[in-house]
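Asks: Give me the fold of what follows.
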Amino acid sequence: MSRMKFNLVVIFLVFSNWLFSQQPQGTLAQPLWLKSRPNSAFKYVGIGFAEKSKGQSYIMEAKKNALFDLASEIKVDISSNSVLYSVQNNKQYNESFNSLIKLSNSEYLEGYQLIDSYEDQNTYWVYYQLDKDLYAKTKAQKKQRILDQAAQFLNLALQDEKSGQMVSALTKRLQAFSLLVPYLNEELHLNASLSGGVTEPTDITALIQSQFQDLKLTSVQPVFKAAQAQYAPVPITINAPKGKLWTHMPFRVIPESEHVSAESPEIVNNQNQIVLKLTEIGNDVNLSQITLEPDFKTLLKNDSAAQMSMRVLQRLIQIQPLAVEFKVEPMRLFLKTESYNMGKLWSAEELHNILTSKIQGSECTWVNSENEAEIVIQLYSQTQEAAESDWLFDNYNLQLANMILKAKVIRKSDASELLNLQFNDIFGYSNTLERAGMQAYSSFAFKARMAELLFEIKHKIFQY
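Replies: Below is the predicted model of the structure:
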C-alpha cells in the first residue's frame with residue numbers, strides 16, 4: 001500500500017471515530033423486550049424503569065419497579081379452604097390483600113435474574129426473569145419456615161397468657177397471624193404440637209378476640225364542664241380476670257361527638273387503668289360517649305412485617321370496643337355585686353343584668369347561692385370626687401366624679417383567683433358630685449369598660 005493510500009485510510013478512520021463520538025447518547029435501537037413485552041410459559045417477566053433525574057438511586061428504583069412488575073404476574077389463586085375465600089366478596093378487602101401480596105412478593109423474591117438493561121439520555125430500563133418452577137419450590141420452602149415460626153410465636157403466647165402477661169401474649173399472636181397473611185389465599189395447617197394446639201389461622205383470630213371478651217370498664221360516668229381551657233385526667237380501670245395484666249396495651253380514644261377531642265392513643269398503666277385526657281368539649285354537648293379500641297398498629301409499631309399486614313389484620317380481627325359514657329354539666333356561676341355612689345349604696349341591678357344577660361348558654365347556669373356555685377364573680381364599683389374636681393368647679397362650676405370598677409373571678413374548688421382586674425379611668429361630671437357620679441354610671445367609658453370586663457371574665461371561665 002502506498003504511503004498516500006495509508007494516510008487516507010488513517011484520516012478516514014479518525015474522521016469516522018470523531019463522527020461517531022458526536023452522535024447523541026442513547027441512540028442505540030430499543031431492544032425487542034422493550035418494544036414488545038416477552039411472554040413465557042416457564043418464566044415470570046418483570047420490566048421496570050426510572051428517570052435518571054432522580055440521581056444515583058435511579059438504578060435501584062428501576063430494579064424495584066421491575067420486581068414489583070414481575071410479582072404482579074404471579075397469579076393469586078384462592079383456595080376454597082382458605083381464610084380469604086370467606087371474605088373474597090369484599091372488594092375493598094380483596095384490593096388490600098392483592099396489593100399486600102404483590103408488595104410482599106416483590107420484597108421477598110429469590111432467584112430472579114437480570115436479563116438485560118437499556119438506557120437513553122433520560123430513562124433507564126431493566127428486564128428481569130424468574131423461573132416459575134424455582135419460584136414454586138422456593139415459596140413452598142419459605143411457607144413451611146413461616147408456618148414453623150408462627151407456631152413458635154403461638155406456643156410462647158400461650159405461656160405468656162398462663163402467666164397473666166396478656167399484652168405479650170396478644171403481641172405474639174398478632175405477629176404469628178401477620179406472618180400468615182401473605183398465605184391467607186392458601187389452605188394453611190399449623191403443627192399443633194409446636195403451636196400449643198392451634199391448627200388454623202381462624203383459631204388465632206378466635207384466641208385474640210377471646211382475650212378481650214372478659215374486659216370491662218369500671219361503671220363510672222365522668223362529669224366534665226364544657227368549654228374549659230383544660231380538663232383533669234380521668235383514670236378508668238379495666239376490670240380483667242384476676243391476675244390478668246394489660247399494662248402497656250395501647251387503646252385508640254375515639255369520641256362519639258365531633259365537638260369532643262381527646263389525646264390518643266392512651267396506654268394502660270401499671271394499675272390496669274386507662275387515663276382519659278380530654279382536650280376539648282364543645283358548649284353544645286350534654287351526654288356523650290368515648291370508645292376505646294385496641295390499637296394494634298401502635299402495639300406492633302416496631303414490627304415491619306406486621307405493619308405491612310395491618311389493613312388485613314384489622315379487617316379479619318374485629319374486637320368489640322369498650323365504651324365510656326360521660327356527662328357534661330353547665331358551670332354553676334354566682335354573681336356578687338356591690339355598688340356605691342359618693343359613699344351611698346347604689347343599685348347594682350344594672351351591673352347584675354348586664355353580666356347575667358351576656359354570660360349565658362348551655363355551658364353555664366346562674367345559681368342563687370354562693371354555696372351552690374363553682375365560680376364566683378365579684379363586681380364592685382364606687383364613685384368618689386376626682387382630684388381635678390376643685391379646678392373644674394372653680395372654672396366651670398362643675399363637679400367631677402371618678403369611678404373605680406373592680407372585678408374578680410374565683411374558682412371555689414381551690415379558692416384560686418382566675419381574674420383580678422381594676423379600672424380607674426371612668427369619669428362623670430355635673431353641677432353636684434352625686435349627679436356627677438350618676439353620670440359616670442351612664443357614661444360611654446363605663447359601658448366600654450364593662451364590655452371589656454365581660455370579655456375577660458368569659459375568657460377566664462370558658463375556652464371558646
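
Asks: Kindly list the longest strand within the protein.
Replies: For the chain, the longest strand by residue count, based on DSSP state E, is strand 416-430.

Asks: Now do that one: everything it contacts.
Replies: 375, 383, 386, 392, 398-411, 436-443, 445-446, 449, 452-453, 456-457, 460-461 (Cβ atoms under 8 Å, 6 or more residues apart in numbering). Heads up, the C-betas are built off the backbone N, CA and C, glycines and all.

Asks: Give the buried subset of the residues you listed as a PyMOL selection command.
Replies: Restricted to buried positions by 16 or more other Cβ atoms under 10 Å, the PyMOL selection for these reads:
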select buried, resi 375+383+386+399+400+401+402+403+405+406+407+408+409+410+436+437+438+439+440+441+443+446+449+453+457+460+461
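
Asks: The contacts of strand 416-430 in strands, which ones?
Replies: Among the contacts of strand 416-430, the members falling in strands (DSSP E) are 375, 383, 399-411.

Asks: Leu179 reaches Ile146, doesn't it?
Replies: Yes: between Leu179 and Ile146 there is a contact under Cβ atoms under 8 Å: 5.2 Å.

Asks: how is the chain carved up into domains?
Replies: Domain segmentation of the chain under automatic domain parsing yields 24-134, 138-213, 216-294+319-329, 331-461.

Asks: Mind checking the pLDDT average for the last one?
Replies: What that stands for is domain 331-461. The average pLDDT within domain 331-461 is 93.

Asks: Off-centre distance for it?
Replies: Taking Cα atoms, centre = their mean, to the nearest Å, one finds domain 331-461 lying 46 Å from the centre of the chain it belongs to.

Asks: Please report the separation between the first and final residues of that domain.
Replies: 9 Å (Cα to Cα, to the nearest Å).

Asks: Same question for stretch 258-276.
Replies: 17 Å.

Asks: contacting residues around Pro201?
Replies: Counting by Cβ under 8 Å, 6+ apart, Pro201 has contacts 83, 177, 180, 184, 188.

Asks: just the buried members of those residues?
Replies: The neighbour count (16+ other Cβ under 10 Å) marks 83, 177, 180, 184, 188 as buried among the contacts of Pro201.

Asks: longest single helix anywhere in the chain?
Replies: Longest helix of the chain, by residue count under DSSP state H: helix 132-162.

Asks: If you count contacts, what does the very next helix or strand once past it end up packed against?
Replies: As assigned by DSSP states H and E, the chain's next helix or strand after helix 132-162 is helix 166-180. Judged by 3 or more Cβ pairs under 8 Å, 6 or more residues apart in numbering; DSSP states H and E, helix 166-180 is in contact with helix 132-162, helix 201-213, helix 296-299, helix 304-308, helix 310-316.
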